[in-house]
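1. Need coordinates for the following:
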Amino acid sequence: MNLSFKNFKKEFYSKFTDYKIFEGKEFNYFKIALEGLKVDYLQNGKFSISIFYPNFTYYIFYFTNRFKKIINGEISRFNSHLEISKTNKSPEYLIIDPGRAVKNSEGDLIPIYFSKIYESLKKYHSVFYVSEKSIPNYDGFNDTYSDLISLGNSIKHSFSHSLRVEIKEVFTSINNNSNFSSKDLNNIKCAFQKFYNEAIFWLNILESLEPENILMICHYHKEGLIFAAKKLNINIIEYQHGLIAKSDIFYNFPHEVKKIKKDCLFPNEIRTYGRYWKNILINGNFINEDNVKITEYFLYSRLKLNSNELNFIDLFRKKRKIILITTQTYLTDIFVKYIDSLLEILEDDYCVIIKPHPLEKTQLYNKYIELDSVFLTDLPTEVLFLYASIHITMYSTTAFDALRYDLSSYYIYSENQSDYINEIHNAIGGEIIYDFNLKPWEIENKIKVNLDEFFYQK
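-> As a prediction, the model looks like this:
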């Protein structure tokens, strides 16, 4: 994103004067337009927007695409999802895991977000546990919906036609009553297409499964799921995924959003780690205090290295102190620039461990692999904290996680990310690194906050 979060939001909300331009029959779809501009689908190349085609062209596209999906087996795979859901009908909970995993000390991959909740709930409740991605050799899921995106517009539901008509009407309203650019409008079309595809997928699944509650993370980018759940009167609960910032695009909205009468495709309830996060949410103008619940930290955390990993770490560090750098998606260039500067001034008493974000493209870090002073790893952050003397990031949730290991963080400064960086610094302290030539080990940095405010403990 070229704009800061603050400026992005300012520019988006300046494009219209009335949220009614996003209204359909039951829902207000402004969040889909917001998502379209934030993601910028057009930068990723060609994106089909078939729901906006004239009827004749649309049906040619739909049946052609469906025929291709029949031939390659995707329709058969989708039908198998429906059959599996029918044999597990009416669970109290449907858990939708994003499929991110870490290795335990035995080397087995364990889902980060919901594995602990699943193990707890299934003792006393009926639970249907699915993932959006497959996890090699993990057999805890009832089903895996890795074909959600690839199916595209190749399946239908009784709501298909009416939803497509409604979306086209809403888009016409946006087009006629806003100042969005041509590129913006095309990105909004892409977002509506993604929303439509996912809504039809989930309408079919949820109608077949009939769960009472859905547990998920991240309400943004999941508007199709939320639409389907609410159309079918299913309670949808979001669990905190990580960092929630006051300046966040999808958790902090203008006061006017509170006044919108129609449903804006937010979850019914959000469960969060602590009072700090709850306060951010209830001041974000989209959810009432009664609908934000505080729960214990529920993510899977690995607590130790196995003997081979520990031996490797010991051989690498050679009694040196470890500087742990936890990186972030889309910011690799900035991290590389900082690491290059750090290595220029690195003293013999220190070494560097780079822990890339799980979704980050890490090729640019490969140039460090042969260096004696650098270790590039996918080991879980939690166990690396146990051995780190210094933690450096930018505006990651790892800065909060580090508090649980008695580490105060250093933040690499970047102008476009300054909203988040300053907010985290003001909330939990730490030190911002403006000058990349400064030695972080010479900058005093002590924890000055109460951990319980961020991570509730019974």
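2. In which helix or strand does residue 252 reside?
-> For residue 252, there is no host helix or strand (DSSP states H and E).
3. show me the contacts for it.
-> Counting by C-beta atoms under 8 Å, 6 or more residues apart in numbering, residue 252 touches 9, 245-246, 280, 283-285. In this view, the C-beta of every residue, glycine as well, is placed from N, C-alpha and C.
4. Could you name the specific helix or strand carrying the closest residue in space to residue 217 that isn't next to it in sequence?
-> Spatial nearest neighbour of residue 217, chain neighbours left out: residue 241 (4.0 Å); criterion: C-beta to C-beta, 6 or more residues apart in numbering. Taking DSSP H and E as the definition, one finds residue 241 inside no helix or strand.
5. Only C-alpha atoms, please: export stretch 241-253 in CSV.
-> Extracted in CSV, the C-alpha atoms of stretch 241-253 (Å, rounded to 0.1, in the frame of the first residue of the first chain):
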residue,chain,number,x,y,z
HIS,A,241,-6.4,-13.1,14.9
GLY,A,242,-3.5,-11.0,16.1
LEU,A,243,-2.8,-7.2,16.1
ILE,A,244,-5.9,-4.9,16.2
ALA,A,245,-4.9,-1.3,15.9
LYS,A,246,-6.8,1.9,16.5
SER,A,247,-5.8,3.1,13.0
ASP,A,248,-6.8,-0.2,11.4
ILE,A,249,-8.8,0.0,8.2
PHE,A,250,-11.2,-2.8,9.1
TYR,A,251,-11.6,-2.3,12.9
ASN,A,252,-11.9,1.5,13.1
PHE,A,253,-14.6,3.3,11.1
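6. neighbours around the nearest residue to residue 281 once chain neighbours are set aside, how many?
-> In space, and not counting its chain neighbours, residue 281 is closest to residue 292: 5.0 Å by C-beta to C-beta, 6+ apart. Residue 292: 20 surrounding residues under other C-beta atoms under 10 Å.
7. Looking at strand pairing, list the partners for residue 292.
-> residue 270 (DSSP bridges).
8. need the contact list for it.
-> 269-272, 278, 281-282.
9. From the contacts of residue 252, which land in helices?
-> 9, 280 (DSSP state H).
10. Of the contacts of residue 252, keep whichever come out buried.
-> By neighbour count, with 16 or more other C-beta atoms under 10 Å, those hold 9, 245-246, 280, 284-285 as buried.
11. where do the helices sit along the stretch 351-458 of the chain?
-> Using DSSP state H, counting those that start in this stretch, the helices of the stretch 351-458 of the chain run over residues 381-385, 398-403, 418-428.
12. er, the chain I mean
-> Ranges of helices in the chain, per DSSP H, are 5-13, 30-39, 55-71, 74-86, 115-121, 160-176, 182-209, 223-231, 275-282, 307-317, 332-345, 381-385, 398-403, 418-428.
13. buried sites along the fifth one?
-> It stands for helix 115-121. 115-118, 121.
14. For that helix, list the C-alpha coordinates in CSV.
-> Below are the C-alpha coordinates for helix 115-121, written out as CSV (Å, rounded to 0.1, in the frame of the first residue of the first chain):
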residue,chain,number,x,y,z
SER,A,115,-6.8,-26.4,17.4
LYS,A,116,-6.9,-25.6,21.2
ILE,A,117,-10.5,-24.4,21.0
TYR,A,118,-11.5,-27.4,19.0
GLU,A,119,-10.0,-29.8,21.6
SER,A,120,-11.8,-28.0,24.4
LEU,A,121,-15.2,-27.7,22.7
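15. list the helices and strands that helix packs on?
-> strand 93-97, strand 127-131 (3 or more C-beta pairs under 8 Å, 6 or more residues apart in numbering; DSSP states H and E).
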